[in-house]
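Undergrad: sequence plus the predicted model coming up.
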Amino acid sequence: MLLTIDVGNTNTVLGVFRGEELIANWRLTTAREQTVDEYGVLTRNLFTLGGLDRDAITGVIISSVVPPVNWTLGEMARIYFGKKALFVELGVKTGMAVLVDNPSEVGADRIVNGVAAYHKFGGPCIVVDFGTAITFDAISAKGEYLGGVIAPGLGISSEALFARTARLPRVEIKDPGKVIGTNTVSHMQAGLYYGAVDMVDGMLTRMKKELGEDSKVVATGGQAKLVAKGSKHIQYTDEFLTLTGLRLIWEKNQGSEHGKSAAAEAAKKAQR
């Protein structure tokens, strides 16, 4: 089994694959201050609750946009799973050329999403990821990462309204059903929801003009399904797109020394 970990600024998502099947997943708050043992005990407990055997894990792959937790998670993988984690970074085989000015600036999750989207839907395609930020990533017909857009996420916008105004409350981000609200909460929900839908559709309209009108659009992340309901351009939603991309990248690296080591460990366990 393969343990995949996607570390975002707000949430960390863990997934366990048996072959191509995602058999378990969990979404946690990204905690920069947690220790190796705290992450290890938490992960161990999740495996126990899920009825999974930690000893059956043959590999660990991590994509992270939060560098302070990388060492911690790497040590957690080593101590609690006996595995050297493979981090998605420069030098790791992804099968996707990154055609931007400085490839090291592109978040690992964005490349991982691109790999998964191209594998599942072909190209050209656009990935919209609703996280702390809303990111748009363009993948060519040849499977090349061309670049994209970064915009504030819905959570950031909502918190900014609450923090920078004296009388506006925190509100649930949802479709209020109509644009013209009749109370403060519905006013804010209309602004947040329809503002996000129209921003996303406006950006996709512009991106399709450059990438091609036949470009497929897939959304992932926390508010993907919510915004997709009102979007004219989003065709697919995939909650586990990033985890799928991590699995695909792990498989591409099985010919590397890291992959050979993992395969050797798996073979030893099979002989016991």
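TA: Thanks, I have the structure now.

Undergrad: count the residues that sit near Gly155.
TA: Here the count is done by other Cβ atoms under 10 Å, and Gly155 has 17 residues near it. (Each C-beta comes from the backbone N, C-alpha and C, glycine too.)

Undergrad: count of neighbours near the residue nearest to Thr35 when sequence neighbours are not counted?
TA: Spatially, and ignoring its direct neighbours in sequence, Thr35 is nearest to Thr72 (6.9 Å; Cβ to Cβ, 6 or more residues apart in numbering). Burial of Thr72 is recorded as 21 neighbouring residues (other Cβ under 10 Å).

Undergrad: can you pull the phi/psi pair for Thr72?
TA: The phi and psi torsions at Thr72 (degrees, to the nearest 10) take the values phi -60, psi -50.

Undergrad: let me see the contact set for it.
TA: Residues in contact with Thr72, defined by Cβ atoms under 8 Å, 6 or more residues apart in numbering, are Gln34, Thr35, Val36, Tyr39.

Undergrad: filter the residues you listed down to the buried ones, ChimeraX style.
TA: In ChimeraX, this line selects whichever of these come out buried by 16 or more other Cβ atoms under 10 Å:
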select :34,36,39
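
Undergrad: how many residues are close by Asp214?
TA: Around Asp214 there are 10 other residues, counting by other Cβ under 10 Å.

Undergrad: each with direction, which strands does the helix or strand Ser63 falls within pair with?
TA: Taking DSSP states H and E as the criterion, Ser63 maps to strand 59-64. Strands adjacent to strand 59-64 in the sheet, as given by DSSP bridges, are strand 2-7 (parallel), strand 86-87 (parallel).

Undergrad: out of the ones you listed, deepest packed?
TA: Each of the strands paired with strand 59-64 was assessed for mean neighbour count using mean count of other Cβ atoms under 10 Å. The highest is strand 2-7, with a mean of 25.

Undergrad: mind checking what helix or strand follows that one in sequence?
TA: Where DSSP H and E defines the elements, the next helix or strand beyond strand 2-7 is strand 11-18.

Undergrad: ok now that following strand, how far from the chain's centre?
TA: Distance, stretch centre to chain centre, for strand 11-18: 10 Å (Cα atoms, centre = their mean, to the nearest Å).

Undergrad: just checking, what packs against the very next helix or strand once past that strand?
TA: For strand 11-18, the succeeding helix or strand toward the C-terminus, using DSSP H and E, is strand 21-29. In this structure, strand 21-29 makes packing contacts with strand 11-18, helix 36-49, helix 241-252, judged by 3 or more Cβ pairs under 8 Å, 6 or more residues apart in numbering; DSSP states H and E.

Undergrad: residues contacting Thr242?
TA: Applying Cβ under 8 Å, 6+ apart, we find Thr242 in contact with Asp6, Val13, Ser63, Asp109, Val112, Asn113, Ala116, Asp129, Thr220.

Undergrad: can you do 6 Å?
TA: Asp6, Asp109, Val112, Asn113 (Cβ atoms under 6 Å, 6 or more residues apart in numbering).

Undergrad: what's the pLDDT at the nearest residue in space to the second one that is not next to it in sequence?
TA: Leaving out its chain neighbours, the residue that sits closest to Asp109 by Cβ to Cβ, 6+ apart is Ser63, at 5.1 Å. What the model reports for Ser63 is a pLDDT of 96.

Undergrad: about what we covered before: what would the contacts of Thr72 look like in JSON lines with pLDDT and distance to Pro152?
TA: Converted to JSON lines, these look like this (pLDDT from 0 to 100; distance: Cβ to Cβ, whole Å):
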{"residue": "Gln34", "pLDDT": "93", "distance to Pro152": "26"}
{"residue": "Thr35", "pLDDT": "95", "distance to Pro152": "31"}
{"residue": "Val36", "pLDDT": "96", "distance to Pro152": "33"}
{"residue": "Tyr39", "pLDDT": "95", "distance to Pro152": "29"}
